[in-house]
Every structure is written in structure tokens, then in C-alpha cells.
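Participant: Structure of the sequence below:
(one chain, ligands or ions: 1)
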Amino acid sequence: MTSRILEARHEVDELNPCYAATSHDVNFLALALCGEVGELANKIKKRWRDGCVTAGTTNDDIRDEIADIRIYLELIADQFSIAGEKLDILATSKLRRVADEIRAGKRK
Ligand SMILES: [Mg+2]
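Facilitator: Numbering: from 1, shown residues only. Reported below is the predicted structural model:
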């Protein structure tokens, strides 16, 4: 079963072949993910620097960058067969492992 994010991306891919050409290229996707993380960090940095919400750093602007990150992460996850709910399960499992390691004194 494909995720809602992948379904929506497929719609975009059908409208623009440039998007379609990169949807399965994990090298491109990894760089795109880094670019979006940089955009998010830059917006948060500007809010921190300016001490207030300014143009381009509203909560909606930041939410938009988070959405961009989620899209690229989902496309990368799809290349490794863990998109959608599978990724949620994997991330939850990983956090539970970390909690177990903290309880066992193997990790702080
Ligand atoms: Mg962006």
C-alpha cells in the first residue's frame, strides 16, 4: 500500500516530467532532503537571531519546510521499501529500543 504522500507526489510527477525524473533517484533525493533541512534551519535561525517572527519566518513558513522535509524523506523511504506506516513502525521501534537501552544503563 502506498502512502498518501507518495500518491500526491505521483500526481505532481504526472504533471511535470522533471519531478518524475528525480522521484526515484536516491542521490538526488538525499541532496534535496539536505537542502530542505537547510531551509528549515535557516528560517529557525532567523527567528532566533531577530527574536521575533519576521517575513518568511512565520509558523506557517516553518511548517511548510517541515512538509518539504517529510516529502523527501518519504520518497527516500520508498526507495528502501519503508514508506508510510512502515516508517512510523520502524521509528517507533527504534525509540523503544533506545528507551530499553536507557533503562538497562547501556545509554544515557
Ligand atoms: Mg522548502
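
Participant: ok, how many other residues are close to residue 78?
Facilitator: If you count neighbours by other Cβ atoms under 10 Å, residue 78 ends up with 22. To be clear about C-beta, it is placed using only N, CA and C from the backbone, and glycine gets the same treatment.

Participant: Quick check on residue 82: phi, psi?
Facilitator: Dihedral angles of residue 82 (phi, psi; degrees, to the nearest 10) stand at phi -130, psi 30.

Participant: okay, now it: neighbour count?
Facilitator: For residue 82, the neighbour count with other Cβ under 10 Å is 16.

Participant: so how far is the ion from residue 43?
Facilitator: Distance, residue 43 to the ion, by Cβ to the ion, to the nearest Å: 9 Å.

Participant: That residue: which element?
Facilitator: helix 26-50 (DSSP states H and E).

Participant: what does the chain put close to the ion?
Facilitator: Within the chain, the positions lying close to the ion (Cβ under 5 Å from the ion) are 36, 39, 65, 68.

Participant: out of those residues, who has the most neighbours?
Facilitator: residue 36 (20 neighbours).
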